[in-house]
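In: next input, structure requested:
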Amino acid sequence: MRADLDLNDLDEVRRRVVDPVLSAMLRPGELVSADLVVADDWPDTDETRWAWKRWPNNPNAARPGDEPDSLYLVIRAIEGEEHTAWLGTLGFYLHDVDDIVERLVSDLNDWICETRFGWGQLRGMDTEPPGPRAEPSGRSVVGLWVGVRTVEVTIDRRPVDPATLGLSDELLADLQAWRDRFEDWATAADAEAQRRSETLQAQPSGFTVTYVDAAKTEEEVAAVRAARDEAHLGSWRRAVAELEPARDALLARLATELGHAYVAPPPARIR
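Out: This is a model prediction of the structure:
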């Protein structure tokens with residue numbers, strides 16, 4: 001198990017996951033483009049292929065695969081073939097790179113064998129994904145993440161017990177408080193998702209679906225997008241806006257208390 005990949009670091013996701021997997025599974029000339037897409041960066045156009053969004057009469061209905069804190073890989077290949085693969089949920093925690101690679105390889109295998117260019121073919125990946133980049137200065141890298149029940153501090157992507165690092169009681173308390181703030185948000189987000197699900201299930205079947213298309217006025221489309229932002233993205237954006245600066249400040253304090261042998265760079269951001 002290698003829980004050492006931050007999905008917010010799109011450069012590392014591409015280097016350690018996307019590039020090696022696509023190089024192993026697609027043959028020269030088959031790939032047209034491969035884009036890493038955050039859920040709220042999906043093309044919000046009025047093209048026909050996006051028209052199945054249930055707007056505006058059902059603003060609580062999410063587009064399939066459209067969660068506010070997920071990362072996707074959108075692949076376009078020759079002969080007009082396209083595929084979207086879910087890579088994982090974004091957050092303040094590390095992911096197991098081997099699990100992500102294994103899931104992506106399986107997903108692409110199911111897709112490739114059904115394409116015109118790879119019909120019936122079973123492909124795979126024999127090599128291990130690359131490890132994390134080394135710190136150029138040679139110092140140990142400190143990270144701060146949300147753990148299962150407590151805050152997780154990592155040294156060179158390996159978890160360590162904060163209580164063993166000789167940190168001040170004040171910093172230890174503030175680290176745990178930061179993690180608890182994330183837990184409060186996650187609990188509230190889960191409750192809201194459950195409420196939306198129950199609301200949708202309670203609706204009578206056969207309701208009229210209003211599609212977003214080119215015939216809508218600019219004002220109507222703007223209203224639809226504003227409703228979508230509030231329904232699906234507002235809570236996550238507010239959590240990120242609050243928790244990211246707080247983590248930066250805590251990392252700076254960690255580096256100060258640990259000394260010059262350590263460096264605590266701000267984590268990658270995607271917004």
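In: if I look at residue 258, how far off is residue 240?
Out: As judged by Cβ to Cβ, to the nearest Å, residue 258 and residue 240 stand 26 Å apart. The C-beta positions use only the backbone N, C-alpha and C, and glycine is treated the same way.
In: in this protein, where is pLDDT below threshold?
Out: Flagging of the chain using pLDDT under 70 yields the residue ranges 1, 40-68, 196-197, 200-201, 203-234, 270-271.
In: what segments of it are strands?
Out: 3-5, 31-38, 70-77, 82-89, 95-96, 140-146, 151-155, 158-160, 262-263 (DSSP state E).
In: reformat the ones you listed as a markdown table; add mean neighbour count and distance to residue 246.
Out: Shown next, in a markdown table, are the strands of the chain (neighbours: other Cβ atoms under 10 Å; distance: least, Cβ to Cβ, whole Å):
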| stretch | mean neighbour count | distance to residue 246 |
| --- | --- | --- |
| strand 3-5 | 21 | 22 |
| strand 31-38 | 15 | 21 |
| strand 70-77 | 19 | 22 |
| strand 82-89 | 17 | 20 |
| strand 95-96 | 18 | 22 |
| strand 140-146 | 19 | 10 |
| strand 151-155 | 20 | 12 |
| strand 158-160 | 13 | 20 |
| strand 262-263 | 17 | 19 |
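In: closest one to residue 169 among those?
Out: Closest of the strands of the chain to residue 169 is strand 151-155, at 14.1 Å (criterion: Cβ to Cβ).
In: okay, now the sheet partners of the closest one, with direction.
Out: Here strand 151-155 has these sheet partners by DSSP bridges: strand 140-146 (antiparallel), strand 158-160 (antiparallel).
In: can I get those strands in TSV with distance to residue 183?
Out: Output for these, formatted as TSV (distance: least, Cβ to Cβ, whole Å):
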stretch	distance to residue 183
strand 140-146	8
strand 158-160	18
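In: and the longest helix for this protein?
Out: helix 169-202 (DSSP state H).
In: tell me which strands and helices it is in contact with?
Out: Where contact means 3 or more Cβ pairs under 8 Å, 6 or more residues apart in numbering; DSSP states H and E, helix 169-202 is packed against strand 140-146, strand 151-155, helix 234-258.
In: list the residues that contact the nearest residue to residue 168 once chain neighbours are set aside.
Out: Once flanking residues are discounted, residue 168 sits nearest to residue 257: 6.4 Å by Cβ to Cβ, 6 or more residues apart in numbering. The contact partners of residue 257, by Cβ atoms under 8 Å, 6 or more residues apart in numbering, come to 165, 166, 167, 168, 171.
In: 10 Å - rerun?
Out: 165, 166, 167, 168, 170, 171 (Cβ atoms under 10 Å, 6 or more residues apart in numbering).
In: quick one: contacts for the second one?
Out: Spelled out, that is residue 166. Contacts for residue 166 were tallied using Cβ under 10 Å, 6+ apart; they are 257, 258, 259.
In: give me the phi and psi for it.
Out: phi 70, psi 30 (degrees, to the nearest 10).
In: quick one: it from residue 95, how far?
Out: Taking Cβ to Cβ as the measure, residue 166 falls 29 Å from residue 95.
In: also the first one?
Out: Distance check for residue 165 against residue 95: by Cβ to Cβ, it reads 24 Å.
In: residue 86 now?
Out: Separation of residue 86 from residue 95 (Cβ to Cβ): 12 Å.
In: quick revisit: highest neighbour count among the contacts of residue 257?
Out: Within the contacts of residue 257, residue 167 tops the neighbour count with 18 neighbours, counted by other Cβ atoms under 10 Å.
In: residues touching that one, list them.
Out: 153, 173, 174, 175, 253, 254, 257, 258.
In: which two of the residues you listed have the greatest separation?
Out: 173 and 258, at 17.1 Å, using Cβ to Cβ across the contacts of residue 167.
In: okay, the two: which has more neighbours?
Out: The neighbour count for residue 173 versus residue 258, taken as other Cβ under 10 Å, is higher for residue 258 (18 against 11).
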